[in-house]
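Peer 1: Predicted model and sequence below, questions to follow.
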Protein chains: 2
Amino acid sequence: MKEEFEMNPKENIHPIEAPAGLRERKKRLAQAAIEEAALRLFQQKGYEQTSIQDIADAVTMSSRTFFRYYASKEEVLSGPIRSTQLDGIRYLLEAEPPASPHAALQSVFGYLASQYEKQRPGLVLRYRIAGQTPSIASLFLYTLMEAEPALCDALCSRLETGADRDEVRFLVAVYMAALRVSIEEWLEQGDDADLVNVLHRHMDRLSSMPD
Amino acid sequence: MKEEFEMNPKENIHPIEAPAGLRERKKRLAQAAIEEAALRLFQQKGYEQTSIQDIADAVTMSSRTFFRYYASKEEVLSGPIRSTQLDGIRYLLEAEPPASPHAALQSVFGYLASQYEKQRPGLVLRYRIAGQTPSIASLFLYTLMEAEPALCDALCSRLETGADRDEVRFLVAVYMAALRVSIEEWLEQGDDADLVNVLHRHMDRLSSMPD
DNA sequence: TAATATAATGTCACTGAGTGACAAAAGTCA
DNA sequence: TGACTTTTGTCACTCAGTGACATTATATTA
């Protein structure tokens, strides 16, 4: 069992950060350099053929230091997905009380889709690697689904009607499935494909479900 | 990238096996002994605290030999889930042509639930470990979802109406989500809980979706 | 049954991920 | 500048997993 919900350095930065000392700036540069080099090498040589040492060499740091920025090799790839999911949880917590579970879920997942939409190039690359590397595909699934319990909690807490916990869990899982296949579909399409649109096509058919 | 769809020795056994030589019998015993020891140790000391060497010692074999039975430490845990999913694919391929996608999916997933139902004790144990070990939770998710493409293919091929591939993919994913949360719910309940029943409660609400 | 072929196991040496401990270097601030 | 804190590098280590090759056990056949 590892980091579970520990955040990586990037996520700790407060949205509007003041001047920021030299130390902070160097850390961000290092983090960015690692990510850049890692993605480049994964593309060039393949994920499994790229060692931490290769990445460390590429950015001239010790491999020990790599692990001070990323808890594992995998985390370089999953970071953006995880933080997007966390955004979704925050979004739901801050949203106005929903009219119905379906309305709330359409809203959060629509928001998530719009967030993923902004990251297309990075996601294309990441999912291409996932397609060739089961352990990464597995990680991405987990990273998506990991947010479900928090989403359930958030939704239940904002629903005045005492909704059945298990039903909410089911609904969240179903919408998550919709998001997941929408992302897959969207990434297979051309660069001008519209994720929000793909997701809505699927979600519309869900909202006719009886509560 | 590892074995992908390679089968472990157990799965290669033909259902009705004739006498079976000494070699075969020894292999099955070894495999069973490994699984037994591994599960016992995982329970006692925790998954991550148990090394391959510990398992090998417990059954008096070299750790090299462990890897001739299981491609990885994880595989000891995921094996039964994977083979159950494969059963589901086979079931769908051999079933009579379905009246509708929903009918077909209710049938396969009902079958899968009934298969999982038979394995409760092992699944309780495995999911307890998954709850403490993200990499295993991740693996279980993957093992479930991994069957989706094959399920889509099987379903599409048996549907006379030229169904939209993406819609079928979505439906399969949604039913898979139902199975997944049903299993989670069922494992949290008492020993006399009924998985098939839990799943049907969820699936019934799906079948009212427009195709 | 003995000789031979084949399959399973053990041994050894190796790569690579990940970690703990501690010393060296760099950034911070008075 | 000097004292303090954070970051980095070094080193030694554990553990998963693999390839190569010798050894042992099972299977086959004359």
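Peer 2: Right, received. Where do you want to start? Numbers count the residues shown, from 1 in each chain, chains lettered A, B, ... in the order given.
Peer 1: Can you name the element that comes right after the helix or strand of chain A with the lowest mean pLDDT?
Peer 2: Ranked by mean pLDDT, DSSP states H and E, the weakest helix or strand in chain A is helix A:9-12, scoring a mean of 39. The helix or strand immediately downstream of helix A:9-12 is helix A:22-45, counting by DSSP states H and E.
Peer 1: any bit of that following helix sitting next to DNA strand D?
Peer 2: Yes: applying Cβ under 7 Å from any atom of the strand, one finds helix A:22-45 touching DNA strand D at A:Arg23, A:Lys26, A:Lys27, A:Ala30. All C-beta atoms are positioned from the backbone trio N, CA, C, and that covers glycine.
Peer 1: Local confidence estimate at the closest residue to DNA strand C within chain A?
Peer 2: Chain A approaches DNA strand C most closely through A:Gly21 (2.5 Å), counting by Cβ to the nearest atom of the strand. Turning to A:Gly21, the model gives it a pLDDT of 84.
Peer 1: just A:Glu167 next, same as before
Peer 2: 93.
Peer 1: Any idea how many residues pack against it?
Peer 2: The number of residues packed near A:Glu167 is 15, by other Cβ atoms under 10 Å in any protein chain shown.
Peer 1: Need the three-state assignment for the residue most central in space within chain A.
Peer 2: A centroid search over chain A (Cα atoms, centre = their mean) returns A:Ile81, at 1.6 Å, as the residue closest to the centre. For A:Ile81, the assignment made with DSSP: H, G, I helix; E, B strand; the rest coil gives helix.
Peer 1: And it, how close does it get to B:Val108?
Peer 2: As defined by Cβ to Cβ, to the nearest Å, A:Ile81 lies at a distance of 29 Å from B:Val108.
Peer 1: next one: A:Ile52
Peer 2: Counting by Cβ to Cβ, the gap from A:Ile52 to B:Val108 is 42 Å.
Peer 1: Kindly report the same for A:Leu187.
Peer 2: In terms of Cβ to Cβ, A:Leu187 sits 27 Å off from B:Val108.
Peer 1: For those two, indicate the residue with more neighbours.
Peer 2: Here A:Leu187 and B:Val108 are compared on neighbour count by other Cβ under 10 Å; more neighbours surround B:Val108, at 23 against 18.
Peer 1: Skipping adjacent residues, who's closest to the more buried one in space?
Peer 2: Among residues not flanking B:Val108 along the chain, B:Leu92 sits closest, at 4.9 Å (Cβ to Cβ, 6 or more residues apart in numbering or on different chains).
Peer 1: Can I get the helix or strand hosting that neighbour in PDB, CA atoms only?
Peer 2: Taking DSSP H and E as the criterion, B:Leu92 maps to helix B:75-94. Presented in PDB, the C-alpha positions along helix B:75-94 are these (Å, rounded to 0.1, in the frame of the first residue of the first chain):
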ATOM      1  CA  GLU B  75      -1.500 -13.100 -10.500                       C
ATOM      2  CA  VAL B  76      -2.100 -15.400  -7.500                       C
ATOM      3  CA  LEU B  77      -4.900 -13.100  -6.600                       C
ATOM      4  CA  SER B  78      -6.400 -12.200  -9.900                       C
ATOM      5  CA  GLY B  79      -6.500 -15.600 -11.500                       C
ATOM      6  CA  PRO B  80     -10.000 -16.700 -10.400                       C
ATOM      7  CA  ILE B  81     -11.500 -13.300 -11.500                       C
ATOM      8  CA  ARG B  82      -9.900 -13.500 -14.800                       C
ATOM      9  CA  SER B  83     -11.000 -17.000 -15.600                       C
ATOM     10  CA  THR B  84     -14.600 -16.100 -14.500                       C
ATOM     11  CA  GLN B  85     -14.600 -13.200 -16.900                       C
ATOM     12  CA  LEU B  86     -13.400 -15.600 -19.600                       C
ATOM     13  CA  ASP B  87     -16.200 -17.900 -18.800                       C
ATOM     14  CA  GLY B  88     -18.600 -15.000 -19.400                       C
ATOM     15  CA  ILE B  89     -17.200 -14.400 -22.800                       C
ATOM     16  CA  ARG B  90     -17.600 -18.000 -23.700                       C
ATOM     17  CA  TYR B  91     -21.100 -18.000 -22.300                       C
ATOM     18  CA  LEU B  92     -22.100 -15.100 -24.500                       C
ATOM     19  CA  LEU B  93     -20.600 -16.800 -27.600                       C
ATOM     20  CA  GLU B  94     -22.400 -20.000 -27.000                       C
END
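Peer 1: Report the buried residues of it.
Peer 2: Neighbour counts over helix B:75-94 (16 or more other Cβ atoms under 10 Å in any protein chain shown) mark B:75-86, B:88-89, B:91-92 as buried.
Peer 1: Tell me how far A:Ser182 lies from A:Arg201.
Peer 2: To A:Arg201, A:Ser182 is 8 Å away according to Cβ to Cβ.
Peer 1: out of these two, which sits in the busier spot?
Peer 2: Neighbours per residue (other Cβ under 10 Å) separate A:Ser182 from A:Arg201, with A:Ser182 holding more: 26 against 15.
Peer 1: List, one by one, the residues from chain A near DNA strand C.
Peer 2: A:2, A:21-24, A:26, A:50-53, A:63-64, A:67, A:71-74.
Peer 1: before we move on, back to that, quick one: the residue nearest to B:Val108 and B:Ala154 touch, right?
Peer 2: Yes: using Cβ atoms under 8 Å, B:Leu92 makes contact with B:Ala154 at a distance of 4.3 Å.
Peer 1: Give me the phi and psi for A:Gln189.
Peer 2: As for A:Gln189, its main-chain torsions (degrees, to the nearest 10) stand at phi -80, psi 180.
Peer 1: typo on my end, A:Ala99
Peer 2: Note on A:Ala99: its backbone torsions stand at phi -70, psi -40 [degrees, to the nearest 10].
Peer 1: and it, how many residues sit next to it?
Peer 2: For A:Ala99, using other Cβ under 10 Å, the count is 9.
Peer 1: ok, for A:Arg180, nearest residue in space, not its chain neighbours?
Peer 2: Nearest residue to A:Arg180, sequence neighbours excluded (Cβ to Cβ, 6+ apart): A:Leu144, at 5.9 Å.
Peer 1: correct me, but that neighbour touches A:Met176?
Peer 2: Yes: the criterion here is Cβ under 8 Å, and A:Leu144 meets it with A:Met176 at 6.2 Å.
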